[in-house]
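J.: how would this look folded up:
(chains A and B)
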2 protein chains.
Amino acid sequence: MLNRASLQPPFYANIFSYMPSADREGYAEADEATLAEVQHVPGFLGYEVTGTDTRRIFISYWESMEAIDTWRANRTHVAAKSHGRQWYAAFHSMLVRVESHTVWHPELLG
Amino acid sequence: MLNRASLQPPFYANIFSYMPSADREGYAEADEATLAEVQHVPGFLGYEVTGTDTRRIFISYWESMEAIDTWRANRTHVAAKSHGRQWYAAFHSMLVRVESHTVWHPELLG
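T.: Numbers count the residues shown, from 1 in each chain, chains lettered A, B, ... in the order given. Predicted structure coming up:
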């Protein structure tokens, strides 16, 4: 899912920290469609997600801010984002530059 | 825990994405001690954590890289980190600069 051992800072990420809403109508299909499509975007490096039913963190990793900008303009992504305030009770989305990192058995993290 | 509405980019964060090990001897005490002590470090803005028993993401937020450096030299923190390869089966620790962000009902996220 994410080849962490090959990552060379600086690289970039979007941290999406959120609380799902009660109304998930259409969410599963949009999630599947966007995750399938993002794999083909040049500069996409992978993602990770964990959490509970009420509190989740999703992080996508990117080679450059330009790659993120390309993805932000993607039609499938824009369509999904138009439902953001329906599917999420709360969110905090952050664009970040990774300055440095350390890994320990990163292959186990996926 | 984290006043997201008051955050003004750029700010800084440490993303600690990890898998706990089977050997958690001493972890709970160290976790409690470090979380108590970090509250007093100038420039510490707060933290969030979520995940499952096997896969967790912890993010701490900071005003500056200098504040993070101060914390990295803290004795309680250094002592806890010396157990890292005992308490974690795998981890990926990233120092990041938050370039921009958007929030939606951030008060619900804690």
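J.: For residue A:35, what is the enclosing helix or strand?
T.: helix A:27-38 (DSSP states H and E).
J.: got it, and residue A:100?
T.: Per DSSP H and E, residue A:100 falls inside strand A:88-104.
J.: and that strand, anywhere near chain B?
T.: Yes. Judged by CB under 8 Å from any CB of the partner chain, strand A:88-104 and chain B are in contact via A:88-104. No exception for glycine: its C-beta is placed from N, CA and C like everyone else's.
J.: Any quick ChimeraX command for the buried ones out of the residues you listed?
T.: Buried subset of these, written as a ChimeraX selection, criterion 16 or more other CB atoms under 10 Å in any protein chain shown:
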select /A:88,89,90,91,92,93,94,95,96,97,98,101,103,104
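J.: Report the rounded mean pLDDT for the host helix or strand of residue A:13.
T.: Secondary structure from DSSP H and E places residue A:13 in strand A:11-20. Average pLDDT, strand A:11-20: 98.
J.: Stretch A:55-72 too?
T.: On average, the pLDDT along stretch A:55-72 is 97.
J.: Does chain B have contacts with it?
T.: Yes. Applying CB under 8 Å from any CB, one finds stretch A:55-72 touching chain B at A:55-57, A:59, A:65.
J.: quick check, distance from that stretch to the centre of its chain.
T.: Here stretch A:55-72 is found 5 Å from its chain centre; the criterion is CA atoms, centre = their mean, to the nearest Å.
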